[in-house]
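> What follows is a predicted protein model with its sequence.
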Amino acid sequence: MLPADTGWSESFMSTQSPTLTAAPVVQPGSFLTLHYRMAAPGGASIINTFDGKPATLSLGNGELSPAIEARLLGLAEGTRATFQLA
């Protein structure tokens, strides 16, 4: 996921109020490009994309487990998140 744009339409010197735009959020069927790391309980990496190209995948196509997809749904573009799966 790429960093979200700030949405400011005018410079800080402007007398106009800034216009904020909402960042897109992850929804069912979304295409995602992201870096991620999956680690074993002891911390050893199982999968780590941070040393190379980010992964591109589509939600709802079985590319990720339902538990991981559930954690991604609703996250705004540019969000950094850490979570544990049981």
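Sure, I can see it.

> can you map out the helices along the protein?
If you assign secondary structure with DSSP state H, the helices in the chain sit at 66-72.

> Any regions of it where pLDDT drops low?
1-20 (pLDDT under 70).

> can you pull out the strands in the chain?
Per DSSP state E, the chain carries strands over the ranges 31-34, 37-39, 45-48, 55-58.

> buried set for the shortest one?
In other words, strand 37-39. Buried residues in strand 37-39, defined by neighbour count with 16 or more other C-beta atoms under 10 Å: none. Every C-beta, even on glycine, is put in place using the N, C-alpha and C of the backbone.

> gap between that strand and the chain center?
Relative to the centre of its chain, strand 37-39 is centred 15 Å away, using C-alpha atoms, centre = their mean, to the nearest Å.

> Strand partners (parallel or antiparallel) of that strand?
In its sheet, strand 37-39 lies beside strand 45-48 (antiparallel), with partners assigned from DSSP bridges.
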